[in-house]
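>>> Predicted model, plus sequence, below.
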Amino acid sequence: MLKRILIVDDNPQMRRLMRFFINSQPGFEVCGEGLDGLDAVEKAVALKPDLIILDFRMPRLNGIEAAHVLRESLPYVPIILFTLHKDTISESELANSGIRAVLSKTDGIALLAGQLHRLLPDA
C-alpha cells in the first residue's frame, strides 16, 4: 500500500518538483497539495495523509504555526519542514510543533527520500 504525502508550499514550481520526485519514489504518492499554512491544515484534516511536508515561510500560517495546529488534530502524522530558511529557525520555535525533520531546500530534494523512508519505514 502506498504511503500518502501532503505537500504544502506557496511556490507552484516547488510543489510540482516535489510531486514529481515523491511520485517517482517506490511506495509513496502525493495525495494532495496545499498553498499555505491554513490550506495545509484544511487539506490534512480532509485527506488524512501519512506524512506532511511543509514550507516554512508561507502566507496565513507559516510552517511552524501550521505544524502546531496539525499536531492537535493529527498528532501521529510526521511532519517535515522543507525550507530555504533552515538556518533561521531556532530549537525553541520547533519545540512541541510535531516537526520530525527540518531539511534545507538548498541541500537538494534528494534528501527527502531518506527522511520519507526513515519516518515511514514500511513504504
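Yep, that arrived.
>>> Could you use CA atoms for every contact and neighbour count after this?
Fine.
>>> ranges for the helices of the protein?
When assigned using DSSP state H, the helices of the chain occupy the ranges 12-23, 37-47, 63-73, 91-94, 111-119.
>>> where does L116 land on pLDDT?
Turning to L116, the model gives it a pLDDT of 93.
>>> could we number from 685 for the rest of this?
Sure, I'll start counting at 685 from here, so that last one is L800.
>>> For R744, see how far away it is.
Note on L800: its distance to R744, by Cα to Cα, to the nearest Å, is 26 Å.
>>> Neighbour count: these two, which is higher?
Using other Cα atoms under 10 Å as the criterion, L800 and R744 rank with L800 on top: 24 against 13.
>>> Let me see the contact set for that one.
Taking Cα atoms under 8 Å, 6 or more residues apart in numbering as the criterion, L800 is in contact with no other residue.
>>> From P733, how far off is it?
Shown here: L800 relative to P733, a distance of 13 Å by Cα to Cα.
>>> overlap in contacts of the two?
Residues touching both L800 and P733 (Cα under 8 Å, 6+ apart): there are none.
>>> what about dumping the CA coordinates of stretch 754-761 to CSV?
Coordinates of each C-alpha in stretch 754-761 appear next as CSV, following Å, rounded to 0.1, in the frame of the first residue of the first chain:
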residue,chain,number,x,y,z
LEU,A,754,-1.8,19.9,12.9
ARG,A,755,-0.2,18.4,16.0
GLU,A,756,-3.6,18.9,17.7
SER,A,757,-5.7,17.3,15.0
LEU,A,758,-3.3,14.7,13.6
PRO,A,759,-0.8,14.0,16.4
TYR,A,760,0.7,10.9,14.9
VAL,A,761,1.3,12.2,11.4
